[in-house]
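Undergrad: need coordinates for the below:
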Amino acid sequence: MDFVHPLSSSSSWNRLCNVVEYSGIFDSEYRQPHSRCMENTRVGLRKSITKVLDQRDWTTIWLNGLAGVGKTSIAFTIAEEMKAAKRLAATFFFSHKRAQRAAAIIPTIAYQLAIAFPRIREDIMKAIENDDSLLSPGKSHADQMQALVIKPLQTLRFREEPYVIIIDALDECFSWEEAARLVALLTDSLTGSALPFIHVIFTSRPEAHIRAAIPSSVHDILLTTRDEDTIQDVHLFLRASLDKTRTIRPVVFGQPPIPWPSEDEFETLVFKAGGLFVYAAMAMNFISAAGHHPQERLELLLREKSTVGADIDQLYRQIIATSENPLVHCRMLASIIHLFVPLPLAELQELFYADKRSLAMMLEAFSPVILNDGVGCVEIYHASLRDFMSDPLRSKQYHIDSPSAHEHLAYRCLDFITRQDSIRTRAILASPSSYPYPYTTWFFHLYQAYPSNKLRNLLALFANKTLRHWVHTSNTDEYYFNTADFLPHTVRNAGRPCLSWVIIFNMLNY
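TA: Sure thing, here's the model as predicted:
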């Protein structure tokens, strides 16, 4: 039976909690809505994975497949089942939607171990107390792993139950080098008789750099869109989702609801989805969107014939084409995709102040592929949309290149800053811990932006008015004290020859 040592250091625990990346924990509120397998789907696959996890050894599982085949849903469902069985050691779910920090991975795993196994919490706290730099961003991951994970786990080496650590979406890790190092670190460290039985599950796309890092002894599970069980599960998902839409729309389908759709329409939709769960999910988002007739939306999807199933590019193009102004809305969508961190709706409305109407129309038109509940952050539904928008061969006439997206964002950031009056500016700059998004990222977007005349003109206004005022007052006003240190760093980071930076550098005497 686990117990918490009475002398467990609260200060060390607080230090650990302060560096945890909570968005990486599988069931964190930051990851809502949670993606799990629908009841009675993926049954065979989940049983085969559980069979491996029941073995008393140290097996590495690599669950890999193309974007949209349901890897994260499977990982989440397995994590739920293992947590219910008290066999889940830790998880880290990478996400393109979050500004996750590489330095937080091992501390986040250690935090979950301390929660799952109170008996080793004191060992983790002592390790932190004995090394003041253990939680610092520059600390070696290998040293962190040894002190925070391996040594504490050795206390549990006589346990009979096999445990599980799940790392989801390695391909959304910070870089391919970081992903490869993480795989090597976990697979090399979490094995051997000095430790309890721990299985590690990785999920990712089948990318070459990850394949090269995965050990040859891995239990490789490849998910494809052609697998009969997967296609049948998509069939089941679509049938249940369409029945739900039919039932909750009595004004459209009557009470009791009439049969819908026709068998031919249903089979065509199943074929178009192929074995791609993300296609099926976004198609249902499109069909069941509020304010639209489900049959009309279904007919729109089925109107364009597909020669192959799982053609998600065609689905994205069809959804985009339904908007009133596809090109303007795609520019707005590309800007949201290129944000450094997702923003709540209220902050987006402030950022895109002059484009509020376009923003609202875009969010409504693209609601099948965007998560927006009006409270949390506005995010794209799936990473495949980012891939689609960034590839001109896929998005075709709807493509917005990265420099153009950053040009739009840089302009909106500078516009936001120059719109603030002196009282608001003073309040903002006096609180560096809560700078609005434009104040912390304008220079990064500027660095990567296409140097349009429109942006150049606003930059000149910003440099001669706002930035000049910041620099002048930073030496005379105590409320701007932090700005004096902040500005040189930000401007140096913004330097790029293709823009007229001489205005800024001359003004700051660099």
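Undergrad: going forward, measure contacts between C-alpha atoms and count neighbours the same way
TA: Will do.
Undergrad: tell me if residue 220 really is in a strand.
TA: Yes. Membership of residue 220 in a strand is supported by DSSP: H, G, I helix; E, B strand; the rest coil.
Undergrad: with adjacent residues omitted, what lies nearest to it?
TA: residue 62 (5.0 Å; C-alpha to C-alpha, 6 or more residues apart in numbering).
Undergrad: that neighbour looks like it's in a strand, true?
TA: Yes. Assessed with three-state DSSP, residue 62 lies in a strand.
Undergrad: so what secondary structure elements neighbour the helix or strand containing residue 411?
TA: For residue 411, the host element (DSSP states H and E) is helix 402-419. Other elements packing on helix 402-419 under the criterion 3 or more C-alpha pairs under 8 Å, 6 or more residues apart in numbering; DSSP states H and E are helix 326-337, helix 345-351, helix 437-447, helix 453-461.
Undergrad: at 6 Å what do you get?
TA: helix 437-447 (3 or more C-alpha pairs under 6 Å, 6 or more residues apart in numbering; DSSP states H and E).
Undergrad: look up the closest residue to residue 225, ignoring the ones flanking it.
TA: Closest to residue 225 by C-alpha to C-alpha, 6+ apart is residue 275, at 4.0 Å.
Undergrad: is it true that that neighbour touches residue 223?
TA: No. Using C-alpha atoms under 6 Å, residue 275 is not in contact with residue 223; the gap is 9.5 Å.
Undergrad: when these two are compared, which one has more neighbours?
TA: Neighbours were counted for residue 275 and for residue 223 using other C-alpha atoms under 10 Å; residue 275 has more, 28 against 19.
Undergrad: the more buried one sits in which helix or strand?
TA: Short version, using DSSP H and E: residue 275 is in no helix or strand.
Undergrad: and it, what are its phi and psi?
TA: phi -110, psi 30 (degrees, to the nearest 10).
Undergrad: now do residue 201
TA: Torsion angles, degrees, to the nearest 10, at residue 201: phi -110, psi 120.
Undergrad: now for it: which residues touch it?
TA: Residues near residue 201 by C-alpha atoms under 6 Å, 6 or more residues apart in numbering: 60-62, 166.
Undergrad: ok, residue 417 next?
TA: By C-alpha under 6 Å, 6+ apart, residue 417 has no neighbours at all.
Undergrad: tell me where the model's unsure across the stretch 401-510 of the chain.
TA: 432-433, 471-510 (pLDDT under 70).
Undergrad: now with 80?
TA: Of all residues in the stretch 401-510 of the chain, those with pLDDT under 80 make up the ranges 422, 425-426, 428-434, 467-510.
Undergrad: go through the chain and flag its longest helix.
TA: helix 228-248 (DSSP state H).
Undergrad: just the CA atoms of it, as PDB, please.
TA: Backbone C-alpha positions of helix 228-248 (Å, rounded to 0.1, in the frame of the first residue of the first chain) are rendered in PDB as follows:
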ATOM      1  CA  GLU A 228     -11.700  -3.600 -42.800                       C
ATOM      2  CA  ASP A 229     -12.200  -3.300 -39.100                       C
ATOM      3  CA  THR A 230     -11.400   0.400 -39.300                       C
ATOM      4  CA  ILE A 231     -13.700   1.000 -42.200                       C
ATOM      5  CA  GLN A 232     -16.500  -0.800 -40.300                       C
ATOM      6  CA  ASP A 233     -15.900   1.300 -37.200                       C
ATOM      7  CA  VAL A 234     -16.200   4.500 -39.400                       C
ATOM      8  CA  HIS A 235     -19.400   3.000 -40.800                       C
ATOM      9  CA  LEU A 236     -20.700   2.500 -37.200                       C
ATOM     10  CA  PHE A 237     -19.600   6.100 -36.200                       C
ATOM     11  CA  LEU A 238     -21.400   7.700 -39.200                       C
ATOM     12  CA  ARG A 239     -24.600   5.700 -38.600                       C
ATOM     13  CA  ALA A 240     -24.700   6.600 -35.000                       C
ATOM     14  CA  SER A 241     -23.900  10.300 -35.600                       C
ATOM     15  CA  LEU A 242     -26.500  10.600 -38.400                       C
ATOM     16  CA  ASP A 243     -29.100   8.900 -36.300                       C
ATOM     17  CA  LYS A 244     -28.400  11.400 -33.500                       C
ATOM     18  CA  THR A 245     -28.700  14.300 -35.900                       C
ATOM     19  CA  ARG A 246     -32.000  13.000 -37.100                       C
ATOM     20  CA  THR A 247     -33.300  12.500 -33.600                       C
ATOM     21  CA  ILE A 248     -32.400  16.000 -32.200                       C
END
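Undergrad: for that helix, buried residues please.
TA: 229-238, 241-242, 245-247 (16 or more other C-alpha atoms under 10 Å).
Undergrad: report the two of the residues you listed separated the most.
TA: Greatest spacing in the buried residues of helix 228-248, by C-alpha to C-alpha: 229 and 247 (27.0 Å).
Undergrad: output the below-cut-off pLDDT ranges for the protein.
TA: For the chain (pLDDT under 80), the answer is 1-9, 96-100, 173-174, 305-310, 422, 425-426, 428-434, 467-510.
Undergrad: going along the chain, name the strands of it.
TA: 60-65, 88-93, 163-168, 198-204, 219-223, 370-371, 379-380 (DSSP state E).
Undergrad: mind giving me CSV with these and columns for distance to residue 419?
TA: As requested, those are exported to CSV (distance: least, C-alpha to C-alpha, whole Å):
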stretch, distance to residue 419
strand 60-65, 47
strand 88-93, 38
strand 163-168, 42
strand 198-204, 43
strand 219-223, 51
strand 370-371, 29
strand 379-380, 26
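Undergrad: to residue 110, which of these lies closest?
TA: Comparing these by C-alpha to C-alpha, strand 88-93 comes nearest, at 8.0 Å.
Undergrad: just checking: what are the partner strands of that closest one?
TA: strand 163-168 (parallel) (DSSP bridges).
Undergrad: could you check the angle the strand it pairs with makes with strand 60-65?
TA: 30 degrees (axes from the mean of the first three to the mean of the last three C-alpha atoms, to 10 degrees).
Undergrad: what does strand 163-168 contact?
TA: 87-94, 198-203.
Undergrad: what about 7 Å?
TA: Strand 163-168 is contacted from outside by 72, 75, 87-94, 197-204, using C-alpha atoms under 7 Å, 6 or more residues apart in numbering.
Undergrad: return the residues in contact with residue 409.
TA: Residue 409 neighbours (C-alpha under 7 Å, 6+ apart): 335, 445.
Undergrad: same check, this time on the one 4 residues further on
TA: Contact criterion C-alpha under 7 Å, 6+ apart gives 351, 438, 442 as the residues in contact with residue 413.
Undergrad: what is the burial count for the last one?
TA: Applying the criterion other C-alpha under 10 Å, we find 23 residues in the vicinity of residue 442.
Undergrad: could you do the second one as well?
TA: By other C-alpha under 10 Å, the residues close to residue 438 number 22.
Undergrad: measure the closest residue to it other than its chain neighbours to residue 401 for me?
TA: With C-alpha to C-alpha, 6+ apart as the criterion, residue 438 has its nearest non-adjacent residue at 4.5 Å, and that residue is residue 413. Separation of residue 413 from residue 401 (C-alpha to C-alpha, to the nearest Å) stands at 19 Å.
Undergrad: same check, this time on residue 382
TA: Separation of residue 382 from residue 401 (C-alpha to C-alpha) stands at 19 Å.
Undergrad: for residue 245, same thing?
TA: 37 Å.
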